[in-house]
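Participant: turn this into a structure:
(one chain, ligands or ions: 1)
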Amino acid sequence: MTTHKKDSKTSAPKAPDLNEQKQKVQKAYSAMADLGISTEVVKPVLKNLLNLYDGNWELIEEDKYRTLADAIFESPDDKKSIAEGSTSSNMNTVIHKKRRKIIQVEDDMEPIAKPTCPTVQSDNSNSLVKRNSKFHNDNDITRGTEKIKIPLIDEIGLEPPKFLYIPQNISYQEAYVPFSTARISDGDCCLKCTGDCLSRRVPCACSRETGGEFAYTSKGLLREEFLDACIEPKKHDHFYCQDCPLEKAKNDNPEPCKGHVLRKFIKECWRKCGCTMNCGNRVVQRGPTCKLQVFSTEDKGWAVRSTQYLPKGSFICEYVGEILTNTELYERNNQSQVNERHTYPVLLDADWGSEQGLKDEEALCLDATHFGNVARFINHRCSDSNLIEIPVEMETPHHHYYHIAFFTKRDIDPFEELTWDYGIDFADVDHPIKAFKCQCASPHCRDVRRKAVAEIKKKDSRGKRIASGSTSGGLNRKQVH
Ligand SMILES: C[S@@+](CC[C@H](N)C(=O)[O-])C[C@H]1O[C@@H](n2cnc3c(N)ncnc32)[C@H](O)[C@@H]1O
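Facilitator: Just a heads-up that it's a prediction; the model follows:
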């Protein structure tokens, strides 16, 4: 087993003396008792955590004993004993209620950031969401705005999502997205085409962005070579902006830009093109077509899956949300409540490298927290996610504004959860959005704290099997090292 060692911030401070130690243990028991968890359940988990963290109480106490509570809820045996101690026969409901209580406790104790300026106070999107707890029909969250219906499948009693479904991006307030026929030059569209551009012997001007070949095959999938190049950007495919808007948003003394991936763009035919809406070079703009469902999970909230098999290179959906300036995003983050579940905003940073002295109010991003489409339910998975997000140029040949579309990185079986890598640096404590504790279960998970809890779970179940005289039947050897 590789034991997780802490960095300098988390290295063990001077061990408390025996009395102090006893007090700390009692406090931990009492915090958990407030959540209805008995001392018997807490004891072994706490012991394991103390072992793992070399007696470093800071890690256990921070966030109102969040790590301890998480570790308890993550042990299947402990879930069972928590449920047994309850009068309810439905374990899921019990755990769900307790989870909510943890959040409630934190909400009670953490200060809630106050709105800081009139713009924020007049944020209608927020108040709309607060007034209405349910916007949609569970049979179709899209409210008929898409060609397909997307049902919401809840098997564990999750709170309904609070947002309004929109099928296309919309500017929130200040974001200026200039698109006009004049901005699309004749070289950036295919005025003279008719029918389907993919069936032309000589590819038209709209294939120029993708090197003279369209990004799509005649079956509507992404060309494998193009997709693979998007999945594996080479190390030198990065750029560093001089005055990085992302770093500026973190604090008053911005660090140098950490780099942005030089993105490959898909370019689709658009309104100024002569081809039809059925042209093979118009995939994303026709909207999602595969059978999608939003479903409830135990540990990540809502999630997305498809009920049909999806071959590699299939288009799933666009990431749709409000178009915000960096300044607006910053203000929104400041006013959002601690522990509020965020959808992760997507930075439209592909062109930041070419824009000298980009002002905060010019840097754009998409935020699907209040208004968005099905993509707002796609959860994060570190590194080996099954979806990739690719920028798509349609109405704006300059890449200041563009669309983001999700495609499958490999073949996907029906009912497999769809995931993408949000690109979170879990160690970046200065990031404007506090990272969640990752539950992606990927062997490449980058959230070190989460890994530590998983190690405890493994150790726990090994100990229990040995104690109950179990053989290694069903136990994966690799897991116990
Ligand atoms: C874009 S939303 C995804 C949909 C979300 N699950 C929901 O119920 O609305 C992002 C939020 O989902 C949760 N989430 C996504 N991926 C996760 C993961 N790997 N582990 C834990 N939570 C995750 C986090 O709360 C995160 O802030």
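
Participant: poorly predicted segments of the stretch 1-150 of the chain, please.
Facilitator: For the stretch 1-150 of the chain, applying pLDDT under 70 flags the ranges 1-15, 36, 52-54, 63, 70-71, 73-137.

Participant: okay, now the domains of this protein?
Facilitator: 8-110+447-480, 133-420 (automatic domain parsing).

Participant: which residues of the protein lie near the ligand?
Facilitator: Within the chain, the positions near the ligand by CB under 6 Å from any ligand atom are 161, 300-303, 341-344, 376-377, 379-380, 436, 438-440. (Each C-beta comes from the backbone N, C-alpha and C, glycine too.)

Participant: host element of residue 323?
Facilitator: Remark: residue 323 resides in strand 322-325, with elements defined by DSSP states H and E.

Participant: C-alpha coordinates for the next helix or strand after that strand, CSV please?
Facilitator: Per DSSP H and E, the first helix or strand lying C-terminal to strand 322-325 is helix 326-335. Below are the C-alpha coordinates for helix 326-335, written out as CSV (Å, rounded to 0.1, in the frame of the first residue of the first chain):
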residue,chain,number,x,y,z
ASN,A,326,-14.4,37.1,-15.5
THR,A,327,-15.5,40.0,-13.3
GLU,A,328,-19.1,38.7,-13.1
LEU,A,329,-17.9,35.2,-12.3
TYR,A,330,-15.7,36.6,-9.6
GLU,A,331,-18.6,38.5,-8.0
ARG,A,332,-20.9,35.5,-8.3
ASN,A,333,-18.4,33.3,-6.5
ASN,A,334,-18.1,35.9,-3.8
GLN,A,335,-21.8,36.0,-3.1
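
Participant: residue contacts, the nearest residue to residue 283 once chain neighbours are set aside?
Facilitator: Spatial nearest neighbour of residue 283, excluding adjacent residues (CB to CB, 6 or more residues apart in numbering): residue 315 at 5.1 Å. By CB atoms under 8 Å, 6 or more residues apart in numbering, the contact set of residue 315 is 220, 222, 283-284, 288-289, 405-407.

Participant: looking at the residues you listed, which is nearest the ligand?
Facilitator: residue 406 (12.0 Å; CB to the nearest ligand atom).

Participant: contact partners for that closest one?
Facilitator: Neighbours of residue 406 in contact, by CB under 8 Å, 6+ apart: 315-319, 375, 378, 387-390, 418, 420.

Participant: if we use 6 Å, what do you get?
Facilitator: Applying CB atoms under 6 Å, 6 or more residues apart in numbering, one finds that residue 406 lies in contact with 316-317, 387, 389.

Participant: how about residue 375?
Facilitator: The contact partners of residue 375, by CB under 6 Å, 6+ apart, come to 317, 319.

Participant: per-residue confidence at it?
Facilitator: Listed pLDDT for residue 375 reads 98.

Participant: distance of residue 290 relative to the ligand?
Facilitator: 19 Å (CB to the nearest ligand atom, to the nearest Å).

Participant: next, the residues that contact stretch 383-402 from outside, please.
Facilitator: Contacts with stretch 383-402, where a contact means CB under 6 Å, 6+ apart, come from 177, 179, 184, 188, 230-231, 263, 265-268, 270, 284, 350-351, 364, 403-407, 409, 412, 418-421, 442, 444.

Participant: next step: the residues you listed restricted to strands.
Facilitator: Among the contacts of stretch 383-402, the residues falling in strands (DSSP state E) are 266-267, 364, 403-407, 418-420.
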